[in-house]
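1. sequence first, predicted model second:
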Amino acid sequence: MPSIIEVQELTKQYGNFTAVDHISFSVKTGELFGILGPNGAGKTTTLEMIEGLKAMTSGSVMVDGHDVRRETRRVKSLIGVQLQASAFFDGLNLAELLETFAALYGRSIDVMALLESLQLSDKAKNRVKSLSGGQKQRLSIAVALVNDPKVLFLDEPTTGLDPQARRNLWDLIRGIQGRGKTIVLTTHYMEEA
Ligand code: ADP
């Protein structure tokens, strides 16, 4: 399998503090790739540099053959990034929320099929604030999938979930991988990685 992500000597300095120190790795197409480390290890900073959301100090990142630094917009069109569910407008129900995000990408999508794939179809008419923690995590993954990305980035998707909700989310993530997506996720749980 070819690599869809190539990270070389990636480094981030905040002033004199080195948060990410010359890391290199590659992710193969279709892989479910975990980045493991304790809080403060630099996982979020690493993801945000790969996503083109944070400037890198040095190093290079290629996503699907595109240089993130030079072709940031192109890369953003190829990826899905999980947002915090707490950041979603509460005036909309789940179906309306997904339609709104799809419209931002200029796409019309099958909202019910997307909700179904994240086991949220019975919540289509609910507002975000009425969801459980696990349901909010699933919604934020659904939002990250509206542009049918090649690569899905999940930052600590299972943090704060009870064991059953975590297992359920793992199954759903495996299912998304099974439908041909490459997934990069961070975790501070050894057994999860
Ligand atoms: P993780 O996601 O593994 O918990 P982060 O990437 O959030 O780690 O943070 C890595 C380190 O960089 C931490 O020590 C954090 O305090 C520091 N850091 C993160 N963002 C900034 C920032 N904007 N300015 C200064 N230091 C930061």
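-> That came through, no problem. Numbers count the residues shown, from 1 in each chain.
2. just give me the longest helix of this structure.
-> Counting residues, the longest helix found in the chain (DSSP state H) is helix 163-178.
3. how about the residues of the chain near the ligand?
-> Counting by Cβ under 6 Å from any ligand atom, the chain comes close to the ligand at 14, 17, 19, 37, 39-45. Yep, even glycine has a C-beta here, placed from its N, CA and C like the rest.
4. at 8 Å what do you get?
-> Neighbours of the ligand within the chain, by Cβ under 8 Å from any ligand atom: 12, 14-15, 17, 19-20, 37-48, 155-156, 186, 188.
5. before we move on, the earlier item: just the residues contacting the longest helix of the chain, thanks.
-> 30, 32, 117-119, 132-134, 137-138, 141, 145, 152, 154, 157-158, 161, 183, 185, 192 (Cβ atoms under 8 Å, 6 or more residues apart in numbering).
6. restrict stretch 80-98 to CA atoms and write it as CSV.
-> What follows is stretch 80-98, C-alpha atoms only, in CSV (Å, rounded to 0.1, in the frame of the first residue of the first chain):
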residue,chain,number,x,y,z
GLY,A,80,-12.0,15.6,7.7
VAL,A,81,-11.2,17.1,11.1
GLN,A,82,-13.2,16.3,14.2
LEU,A,83,-14.4,19.4,16.0
GLN,A,84,-15.6,19.6,19.6
ALA,A,85,-19.3,19.0,19.7
SER,A,86,-19.6,21.7,22.3
ALA,A,87,-18.8,24.2,19.5
PHE,A,88,-21.9,23.4,17.4
PHE,A,89,-24.8,25.9,17.2
ASP,A,90,-27.6,24.7,19.4
GLY,A,91,-30.4,26.3,17.4
LEU,A,92,-30.3,23.4,14.9
ASN,A,93,-31.2,19.8,15.1
LEU,A,94,-28.7,17.1,14.0
ALA,A,95,-30.0,16.8,10.5
GLU,A,96,-30.0,20.6,10.0
LEU,A,97,-26.5,20.8,11.4
LEU,A,98,-25.1,18.2,9.0
